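> Got a sequence here, can you model it:
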Amino acid sequence: MPQLQIGLLVFPRVTQLDFTGPLQVFSSLPNATVHLVWKRIEPIGSDTALTFMPTVSFADCPQLDVICVPGGAGTDDMVNDTEVLDFLRTQSREARYVTSVCTGSLVLGAAGLLKGYKAATHWTAMEYLAPYGALPTKTRVCVDRNRVTGGGVTAGIDFALTLVSILADQPTAEAIQLRLEYNPAPPFNSGSPDTAPPELLERFKQRIAASRGYRADANARAATRLGVKV
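Have a look, this model is predicted:
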């Protein structure tokens, strides 16, 4: 198997599990070099107390076989960051797979990379995909040709294992799953708006109302600039 170059875009206010879950999976893939990519080599603050260091800058990044954009509050700024969008467009021309986790799909959309493709995202952001010409798909992992997108946060592990099964084979993905003891058994059944208690769902929606307004405005500006008609 030839050496694979896998790059995870990192940026301020990224949700760390969106990329550290896939990072752990991809790092177990034989013959793979995994990069954390940002504009510069500088400390990046996530949406938690975790700060981390990119491993390669945009300028020094090799051509990637897999480019992955994680999600988080920071994507609300990335959808209008021309340097980020240009980097993704350039890498996507020769990448074998163009991928995302959670709201990272909105950044792919803003770069014009999801037009005509099915795509998944976090349940709170599903409405923002269509203005980019994407076909919103409510699933943990969505595979449409060479676009592979994951749902919200924890779906990143499912996404990465699915992609490993495509890049290598199912036994390799299953061995990584076993090594990680990825055998989810959540203590509550509230991890989806379809199963969460209605009162909990309503409280959560009220809590994120302000941030949803910011996201709606950012994505509306990005979609208008892109000029996609749906």
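> which residues touch residue 113?
Counting by CB atoms under 8 Å, 6 or more residues apart in numbering, residue 113 touches 88, 89, 92, 98, 147. From N, CA and C alone the C-beta is placed, and that goes for glycine too.
> go on, residue 147?
By CB under 8 Å, 6+ apart, the contact list for residue 147 reads 97, 98, 99, 108, 113, 114, 117, 118, 119.
> Using JSON lines, lay out the residues you listed together with pLDDT and secondary structure.
Shown next, in JSON lines, are the contacts of residue 147 (pLDDT from 0 to 100; DSSP: H, G, I helix; E, B strand; the rest coil):
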{"residue": "97", "pLDDT": "98", "secondary structure": "strand"}
{"residue": "98", "pLDDT": "99", "secondary structure": "strand"}
{"residue": "99", "pLDDT": "98", "secondary structure": "strand"}
{"residue": "108", "pLDDT": "98", "secondary structure": "helix"}
{"residue": "113", "pLDDT": "98", "secondary structure": "coil"}
{"residue": "114", "pLDDT": "98", "secondary structure": "coil"}
{"residue": "117", "pLDDT": "98", "secondary structure": "coil"}
{"residue": "118", "pLDDT": "98", "secondary structure": "strand"}
{"residue": "119", "pLDDT": "98", "secondary structure": "strand"}
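> of the residues you listed, closest to residue 129?
Proximity of the contacts of residue 147 to residue 129 (CB to CB) peaks at residue 119, which lies at 5.6 Å.
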